[in-house]
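Visitor: my questions are about this predicted structure, shown below with the sequence.
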Amino acid sequence: MDERLQNLLSKMDMEDAKVIRLLLDNLSSSSLKGLNQGEAENRLEAIRARIKQIEAKALRKLKERESNPVCNFCSLKSSEVKHMLKSDKNLFICNNCIEACYEQLQKLQ
Ligand SMILES: [Zn+2]
């Protein structure tokens, strides 16, 4: 498997990554046995097209996630809140969650 795909798989949603792995298994497994040359080529072509599709979708999702990060605590997107802070551990937290934490802390005092 090439490095680019490997790298992408590691960042993809579990579901997408699972489908790609299944398709790749299909490419190299016995699913092509018993097919004549033309049928095998068609099958391979279909599998490659499907992989490309999923790969493109995953890349789009990754890009969107980078430009519009999601709060790790409440799952709101950056575009839906006033502020989004990023921690040094690459966690995102929105102003709503910060305010909620602050209120909790005040109650404790
Ligand atoms: Zn939040």
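Guide: That came through, no problem.
Visitor: the ion contacts on the protein?
Guide: Listed as neighbours of the ion in the chain under the rule C-beta under 5 Å from the ion: C71, F73, C74, C94, C97. From N, CA and C alone the C-beta is placed, and that goes for glycine too.
Visitor: surely R21 meets L8?
Guide: No - counting by C-beta atoms under 8 Å, R21 does not reach L8; the two are 11.9 Å apart.
Visitor: of those two, which one has the most company?
Guide: L8 (18 against 12; other C-beta atoms under 10 Å).
Visitor: list the contacts for that one?
Guide: E55, A58, L59, L62 (C-beta atoms under 8 Å, 6 or more residues apart in numbering).
Visitor: quick one: mean pLDDT for the helix or strand where it lies?
Guide: Element membership of L8 [criterion: DSSP states H and E] is helix 3-11. Helix 3-11 carries an average pLDDT of 75.
Visitor: buried residues in it, which are they?
Guide: Of all the residues in helix 3-11, those buried under the rule 16 or more other C-beta atoms under 10 Å are L8, L9.
Visitor: how about the contacts made by the residue positioned nearest the centre of the chain?
Guide: In the chain, the residue lying closest to the centroid (C-alpha atoms, centre = their mean) is M12, at 2.9 Å. For M12, the contacting residues are I20, A58, K61, L62, by C-beta under 8 Å, 6+ apart.
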